[in-house]
Every structure is written in C-alpha cells, then in structure tokens.
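1. could you work out the structure for the sequence below:
(chains A, B, C and D)
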Protein chains: 2
Amino acid sequence: MAEREVDRSISQTVKAQLALRDQILSGALRPGERISELQAVETTGASRTPVRMALVRLEEEGLLEAIPSGGFMVKAFSERDISDSIELRGTLEGLAARFAAERGVSARELEPLKECLAAIDELLGQVPISVDAFSSYVTLNARFHALLTELSRSPPLIRQIDRASALPFASPSGFVMAQSALPEAQQILIIAQEHHRVVIDAIENREGARAEAVMREHARLAVRNLRLALRNRTHLDLLPALALIKTATD
Amino acid sequence: MAEREVDRSISQTVKAQLALRDQILSGALRPGERISELQAVETTGASRTPVRMALVRLEEEGLLEAIPSGGFMVKAFSERDISDSIELRGTLEGLAARFAAERGVSARELEPLKECLAAIDELLGQVPISVDAFSSYVTLNARFHALLTELSRSPPLIRQIDRASALPFASPSGFVMAQSALPEAQQILIIAQEHHRVVIDAIENREGARAEAVMREHARLAVRNLRLALRNRTHLDLLPALALIKTATD
DNA sequence: CAGGTCGCTATTGTATACATAACGTATTCA
DNA sequence: TGAATACGTTATGTATACAATAGCGACCTG
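-> Numbers count the residues shown, from 1 in each chain, chains lettered A, B, ... in the order given. Below you'll find the predicted structure:
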C-alpha cells in the first residue's frame, strides 16, 4: 500500500461506519439510492473489507436495506414508520420504567436523574428559550432517557431500546428537534418535563404501572407533535434526519 | 483455489452464518467461549471474509459479543436475561395486537389466524397430547405469533419483534418447549390457547387495550412457567438453546 | 421496426496475502 | 525466587487480487 493514507487512531471499520452513517443522515445519499462499495471506499478512505463490515452493521442498524441481487440501498421511511418507531420506543421505555420501579432503585442511582431534571428546569425557566439553551436541552433530555433506560438493569431491554433509537427520528434528540418546529414548542417541553418528574416519582414510590403509563403517554405526546410538525414542514430543515422520509412521489 | 470444495447453491456468508448459529445453539460452542476465525473457517468451509460477515451478523443478532481486544465470544445469558427477553417480546406483541385492533383488520386477513386456532384446538383435544402433536403445536403456535405480528402492518415493529425473537429462548417455539417440561404442560397450553382466542376476538371488535393486555398476560404466564421449569431442571435437555444460560460458577 | 440474444462491463462475492497487535513464555536481573 | 521485560507465536485487522453474476447495450434477425 503506497498512496492510501491510513488513519490509525481508530479502526477502519468504525471509521467507515461513522462516515457512511453521516452521509446517509446528512442526505448526501438519498433514500432508495444504491450504495456502491467502490464509491464508499473512495469517500471513506477505508478499503473494501472494512467498508463491507460497516455496510452489514448499518443494515442491522436499520439505515440500509439489502438488495436481493446484491449490495445495499439507503432505506426509505414513511411517516407512519416514523411515528410507529417513536411509539415503539416509548413502549420499551415504559417497560424499562416499570422494571426500575418494581425492582427498586437506590437514592444514589436516582441522583443523576434528578440532577438532569433540575438542569432542565433551569433551562425552561427562560421565556422564550434561547437557541443555546435549546441545544443544551436536547443533550440533557437524551441523557435523562439514557439514564432511565439504565435503571431497568435489564441488558436485553437496554439493547433493544438502543436499537429502537438507532433511527435518528426515533431517538430522544430527534423527535425533540422535530417538535421544536412547532410554535407551542416551549409549552410542549414543559409538559414533557412534567412527565419526567412523574416517572421519577413513580419509580421512587415503586409504582410500576404508573411509571410505565407516563412514559407511554410521553411517547404518544411526541407522536402527536411530530404529526403536527410534519404538517407545517416550514422549519423541518432543523432535522436533517428527516431526509430519510420517502416522498410521496418516490 | 484448489482443494477447497465450494458449495455454490447458497452464498458462503449465509452458509457460514447458519453453520455458526447451529454450533452455538447446539452447545458445541459454550457461552463465554471465544470463537476463533480460523477454526470457524475450518468448520464452516467458507473463507475468512464470509465468516467475518457472518460473525458481525450474529453479533447484531445477539448471539455473539465483541471482545474489546478483538474477536468475538459466545454470549452468556442469565436467567433474568431470559425472562426479561420473553416479557420484552410480549410487550412488543401486545403493541402489535393493539395496532392491529386500532387500525382494523379485514375478515380475510384474520382467516389464517382462525385456521391456526382451530388446528391447535384439534391438537389440544387429545389427552394426553402425543409427542407428534406437541411438535405440531410448536409449529402452529410459532405461525400464530408470526401472523399476529404481521397484522400490525408496522414494518418497524415487525422488525423489532423479529429481533427480540432471535434469541432462541425468547421465541415462541423456545419457551413453549421449555414449558413442556412441566407436569402441568397441557393445562398451560389450554390457557395459552384461550389467550389466543381472546386476542383475535379483541382485534375483531377493535378493542386495542384488551388485545394488548392479553398478549402481555400471555408473556407473563410464559415467564412464570419458564421459572418453574428452570427449578426442576430435569427435562431441560428438551431445550438445547438453554445451553446459552450462564452457569452460576462461571 | 421490434424483439431477442449475445457479449461486454461494472459491481459484488470470495479468497488470500500481508500487517499489526496481543498474549504467553522464557530468560535475566534484582 | 519472584518479577519484569523482551521475543516469538498466533490471531485479528486490513488490503487487494480474482471470480462470478447481473445489468445494459448493441447488433442481428424475423
């Protein structure tokens, strides 16, 4: 190997996977488009073997689809697929919350969740919320959801939730960003924060059913708002991941 | 390539994946054991590239675990992991049943489900159930669950349920076989069949909440019975997939 | 002019060679 | 005698060469 420059800091496979995911989520590769291995080799800088491993992983992740005659294409999602994915994740998170409540959680484990809660409260105190604060919110919200998932102490469940969040629009950050396009955004965030508060309370009091119910309601709210947001598509450039939605004409 | 005989009827990657999965589920590879690529190349007859693709797929499937320093090992599961996986699948199937009920299903779509139901009824009429009949039951039950999942008409959900069933003990066939070790096996199957009947009825009458609740109860019953079955481990050789359970001493 | 077939090209599937990193062992020094 | 280091071996990570197939176009024939 002479001319190819190899970045030895991370594995070629991971590098290729990250690069390709980026291309897909940024919309550089359109839904339905076939991914050429050769082209991927050029754009990622890895050779064919790691590129192929990355393609297999991205297929399992749900971003790509295998073409029967060989190769992969970028998967396209309907609006229904997206709202189902959010509801799916909400259902899984509901189960996680129930497990946490039923199995018991120490005060020490709950600590970081409460810190998240307080930090979000502080952000939401501002009216209207600034762009920077909103970006912090997205991070904190994702952290809250991740911590909550961990509380279930169920590796199989955590794994499934991670999988369900792989699709960007189904991740906490994803749908928060979509909702942000709505005029009622701040009101929505305040309601969501109330849900967060309730689920913590339910877990503390070991009320499994209530913890589960509120997380499912949380997701249903997200689905309703996403639908609204998709109606007024004006601000949707906020969410590049929506490049994955297949257009009606395709 | 001279001495290696290549089976060209199916792709080498698929061949390797099937062969390796077989080795894992049959217990030829013990949980926690490292899988050597070279050894896999010898036992599967494929070369390293397809073997590696198969290993990546099996990792995503949940049967293998990546070792940080490189390579893969057979994943080990605790009893808790297994019961969580069953409950997880039940929750997902509950959501599928609810989607089916809420979105409406035509009589024609329900037809194959009802045929399944009738066929199972016939089998359960025999007391005690014969070994052959039990084997038919396993097949019919798996078919019923698959058809029910399809009724949701939600590709993301169907995909997740398939993933959740990848672990053999979490699949309908898997836990039915585990339950069969119990003395009350036949009684259990009759109750399960009642659940099947109720979920169909609920879907027909578009009662989403009821459809969901019964599927979750269905899974909870399975979890309870699996726990019982694991207590009297006498007949567990019925379920080779339990080879994946990590022993207390490991 | 239209339809079919043959052949070429481009792309994926497979195999293997090479590089590199990790682990185990042996030897040496404190 | 024990511990640490260095070296060798083995396995994985990566690159590329080779094979086969599918898709496309052109040419020929009816």
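2. chain B contacts on chain A?
-> When proximity is defined as CB under 8 Å from any CB of the partner chain, chain A approaches chain B at A:49, A:52-53, A:56-57, A:60-62, A:80-81, A:84-85, A:87-88, A:91-92, A:95, A:99, A:154-157, A:159-160, A:163-164, A:167, A:170. In short, each C-beta sits where N, CA and C put it, glycine included.
3. among those, name the ones in helices.
-> Those of the residues of chain A next to chain B mapping onto helices are A:49, A:52-53, A:56-57, A:60-61, A:80-81, A:84-85, A:87-88, A:91-92, A:95, A:99, A:155-157, A:159-160, A:163-164, per DSSP state H.
4. which of the residues you listed are buried?
-> Buried subset of these (neighbour count, 16 or more other CB atoms under 10 Å in any protein chain shown): A:49, A:52-53, A:56-57, A:60-61, A:81, A:84-85, A:87-88, A:91-92, A:95, A:99, A:155-157, A:159-160, A:163-164.
5. show me how chain A divides into domains.
-> Per automatic domain parsing, the structural domains of chain A span A:12-74, A:79-244.
6. these into CSV, with extra columns for mean pLDDT?
-> Shown next, in CSV, are the domains of chain A (pLDDT from 0 to 100):
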stretch, mean pLDDT
domain A:12-74, 93
domain A:79-244, 87
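7. so which of these comes closest to B:Ala66?
-> domain A:12-74 (10.8 Å; CB to CB).
8. can you name the residue of chain A nearest chain B?
-> Using CB to the nearest CB, A:Glu60 is the residue of chain A that sits closest to chain B, at 3.7 Å.
9. now do the contacts for the residue nearest to that residue when sequence neighbours are not counted.
-> With CB to CB, 6 or more residues apart in numbering or on different chains as the criterion, A:Glu60 has its nearest non-adjacent residue at 3.7 Å, and that residue is B:Glu60. By CB atoms under 8 Å, 6 or more residues apart in numbering or on different chains, the contact list for B:Glu60 reads A:Val56, A:Arg57, A:Glu60, A:Glu61.
10. C-terminal to the helix or strand where A:Ile203 lies, which secondary structure element comes first?
-> Taking DSSP states H and E as the definition, A:Ile203 sits inside helix A:185-204. Remark: after helix A:185-204, the chain's next helix or strand is helix A:208-231, criterion DSSP H and E.
11. what's across from A:Val74 in the sheet?
-> A:Leu64 (DSSP bridges).
12. contacts only, for A:Leu124.
-> A:Tyr137, A:Gln186, A:Leu189, A:Ile190, A:Gln193.
13. now these as JSON lines including distance to A:Arg206 and neighbour count?
-> JSON lines is the format used below for these (distance: CB to CB, whole Å; neighbours: other CB atoms under 10 Å in any protein chain shown):
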{"residue": "A:Tyr137", "distance to A:Arg206": "29", "neighbour count": "21"}
{"residue": "A:Gln186", "distance to A:Arg206": "33", "neighbour count": "15"}
{"residue": "A:Leu189", "distance to A:Arg206": "28", "neighbour count": "20"}
{"residue": "A:Ile190", "distance to A:Arg206": "27", "neighbour count": "13"}
{"residue": "A:Gln193", "distance to A:Arg206": "22", "neighbour count": "18"}
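14. just name the closest of those to B:Gly45, please.
-> Nearest to B:Gly45, judged by CB to CB, of those is A:Tyr137 at 54.3 Å.
15. so who does that closest one touch?
-> Counting by CB under 8 Å, 6+ apart, A:Tyr137 touches A:Ile120, A:Leu123, A:Leu124, A:Ile129, A:Val176, A:Leu189.
16. quick one: residues contacting the nearest residue to A:Glu150 once chain neighbours are set aside.
-> Nearest residue to A:Glu150 in three dimensions, chain neighbours excluded: A:Ile158, at 6.6 Å (CB to CB, 6+ apart). By CB under 8 Å, 6+ apart, A:Ile158 lies in contact with A:Ala96, A:Thr149, A:Glu150, A:Ser152.
17. TSV for those, including neighbour count?
-> Shown next, in TSV, are the contacts of A:Ile158 (neighbours: other CB atoms under 10 Å in any protein chain shown):
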residue	neighbour count
A:Ala96	27
A:Thr149	24
A:Glu150	16
A:Ser152	24
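18. in strands, which of those residues fall?
-> With DSSP state E as the criterion, strands contain none of the contacts of A:Ile158.
19. so which of those residues are in helices?
-> Per DSSP H, the subset of the contacts of A:Ile158 in helices is A:Ala96, A:Thr149, A:Glu150.
20. out of these, who's nearest A:Ile35?
-> A:Thr149 (30.8 Å).
21. who are the neighbours in contact with the closest one?
-> A:Glu93, A:Ala96, A:Leu157, A:Ile158, A:Ile161, A:Asp162.
22. show me what contacts the residue nearest to A:Arg210 when sequence neighbours are not counted?
-> Leaving aside its chain neighbours, A:Arg210 sits nearest to A:Ala202 (4.1 Å; criterion: CB to CB, 6+ apart). Neighbouring residues of A:Ala202 by CB under 8 Å, 6+ apart: A:Ala97, A:Ala101, A:Gly208, A:Arg210, A:Ala211, A:Val214.
23. so the fifth one sits right up against A:Ala97, yeah?
-> Read that as A:Ala211. Yes: assessed by CB atoms under 8 Å, A:Ala211 is found in contact with A:Ala97 at 3.8 Å.
24. any residues of chain A in contact with DNA strand C? List them.
-> When proximity is defined as CB under 7 Å from any atom of the strand, chain A approaches DNA strand C at A:Arg8, A:Arg34, A:Ile35, A:Ser36, A:Glu37, A:Leu38, A:Arg48, A:Thr49, A:Arg52, A:Gly70, A:Gly71.
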